[in-house]
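Peer 1: This is a predicted model, with the sequence first.
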Amino acid sequence: MNEKSTFHKEKTLFGKEKNPSNILPTKYTLDSKIQFRCHPGVSCFTECCGNIKIVLTPYDILQLRKRLNMEAAEFLHVYTEPTYLEKTDFPGVAIKLTEEGRCPFIKSKTEGCMIYTDRPSACRYYPVGMAQFHEGAQEEQSAEEFYFVVKEPHCKGFEEDKTWTIREWREDQGVNVRDKMNKGWMEIVMRRKSFGFQATLSDQAKRMFFMASTDTDQLRSFIFDSSFLRTYDVDQEILDKIKDDDNELLLFSYKVLASMLFGTDDIKVKPDVLKAKVEAIKKDQAETGQTMVERAEADLKGIKEDWAKAKEPRSN
Ligand code: SF4
Ligand code: SF4
């Protein structure tokens, strides 16, 4: 048996193990009740918005930069700092705290969060995390979802006279769209975590992951302006959706990442490209004695050049 956490804590996005002493020893369901309320009247208001690490998901970044009317690069530079995601070698970003160790989006102690309606996922989930309990070690085996509650000593919200179910709490916090938009990405991170560091990830793969996770404009350019569509078979219906819709683009990018990083068959190489590659490899091997590995390295170089091209600033 193994237990796999998908959401929560740092201000709890990923695993329970981040702060185990503050996890209540109870397994909650959607119908379980909690007594909790957070509002500007609590004496601890905004206390949990400091000395924390708030890891941002791709959807968080998209929403925040739209809210702040910033390009992705500018937003990342001003408001974030690099981090590694959940004990993996995946590069990600967390909110850059002020010199006093406070979140830059705190307006004031009484007014709270200045971007509240677009606050990051981790801030919404807190203090209720979600985890999965697996029977057996296989990812495919059925997983039971359950919830856990983080109760930190400074948080007075648990002393408030308001009781609701986990379901009601989550609805109130607007986590449904976050769940939908974060799920595929978090599964990739957790899958990488379960592999450990034995499986090496190339720099190119890390850059691809970072671009897909942080910059939808570059991602779109990579898909439409590089050799990607000459290589991969993507339905026109999907292309029409991702051309202008950033949410659809993100959801599609998780499939691309899963395919590229873990060899899933979410995205397939075009049959004629695959056939041509096999024939080219055979021909090369026959003519030059070049091995399959050498050939693959040459292909990788080509993809890297496409990648670098996609990263160049666009002229319009
Ligand atoms: S984004 Fe808002 S809710 Fe989240 S830590 Fe910062 S101020 Fe607090
Ligand atoms: S009640 Fe808890 S969640 Fe709300 S501001 Fe205080 S510490 Fe943060």
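Peer 2: In hand now; what should we look at? Ligands and ions are numbered 1, 2, ... in the order given.
Peer 1: contacts, neighbours, all on C-alpha from now
Peer 2: Will do.
Peer 1: What residues does this protein have near ligand 1?
Peer 2: Counting by CA under 6 Å from any ligand atom, the residues of the chain close to ligand 1 are 49, 103, 105-106, 113, 116, 119-120, 123.
Peer 1: Return a ChimeraX selection command for the buried portion of those.
Peer 2: To isolate the buried members of these in ChimeraX, using 16 or more other CA atoms under 10 Å:
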select :49,103,105,106,113,119,120,123
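Peer 1: how about the residues of the chain next to ligand 1 in TSV, adding distance to Q236, secondary structure and pLDDT?
Peer 2: Formatted as TSV, the residues of the chain next to ligand 1 follow (distance: CA to CA, whole Å; DSSP: H, G, I helix; E, B strand; the rest coil; pLDDT from 0 to 100):
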residue	distance to Q236	secondary structure	pLDDT
C49	44	helix	94
C103	42	coil	97
F105	40	coil	98
I106	44	strand	97
C113	41	strand	97
Y116	37	helix	96
R119	34	coil	96
P120	32	coil	96
C123	37	helix	94
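Peer 1: Kindly indicate which of the residues of the chain next to ligand 1 lies nearest K270.
Peer 2: P120 (37.6 Å; CA to CA).
Peer 1: Provide a list of residues in contact with that closest one.
Peer 2: Contacts for P120 (CA atoms under 8 Å, 6 or more residues apart in numbering) come out as 54, 56-57, 60, 64.
Peer 1: what does the model give the residue of the stretch 201-316 of the chain found nearest ligand 1 for pLDDT?
Peer 2: Here the residue of the stretch 201-316 of the chain nearest ligand 1 is T214; by CA to the nearest ligand atom that distance is 17.1 Å. According to the prediction, T214 has pLDDT 97.
Peer 1: quick revisit: and the residues of the chain next to ligand 1, which is closest to ligand 2?
Peer 2: C49 (6.8 Å).
Peer 1: R220 versus the residue of the stretch 201-316 of the chain closest to ligand 1, what's the distance?
Peer 2: Counting by CA to CA, to the nearest Å, the gap from T214 to R220 is 12 Å.
Peer 1: Looking at these two, which one has more neighbours?
Peer 2: T214 (24 against 20; other CA atoms under 10 Å).
Peer 1: The more buried one touches V55, doesn't it?
Peer 2: No: if you go by CA atoms under 8 Å, T214 and V55 don't touch, sitting 11.9 Å apart.
Peer 1: Please, which helix or strand holds K282?
Peer 2: Here K282 sits within helix 271-288, counting by DSSP states H and E.
Peer 1: Using CSV, write down the CA coordinates of that helix.
Peer 2: This file holds the C-alpha atoms of helix 271-288, laid out as CSV (Å, rounded to 0.1, in the frame of the first residue of the first chain):
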residue,chain,number,x,y,z
PRO,A,271,2.9,7.7,-39.0
ASP,A,272,4.7,9.0,-42.1
VAL,A,273,7.2,10.8,-39.9
LEU,A,274,7.8,7.7,-37.8
LYS,A,275,8.2,5.6,-41.0
ALA,A,276,10.5,8.1,-42.5
LYS,A,277,12.6,8.3,-39.3
VAL,A,278,12.9,4.5,-39.2
GLU,A,279,14.0,4.4,-42.8
ALA,A,280,16.4,7.3,-42.4
ILE,A,281,17.9,5.5,-39.4
LYS,A,282,18.3,2.3,-41.3
LYS,A,283,19.8,4.2,-44.3
ASP,A,284,22.2,6.1,-42.1
GLN,A,285,23.3,3.0,-40.3
ALA,A,286,23.9,1.3,-43.6
GLU,A,287,25.8,4.2,-45.1
THR,A,288,27.6,5.7,-42.3
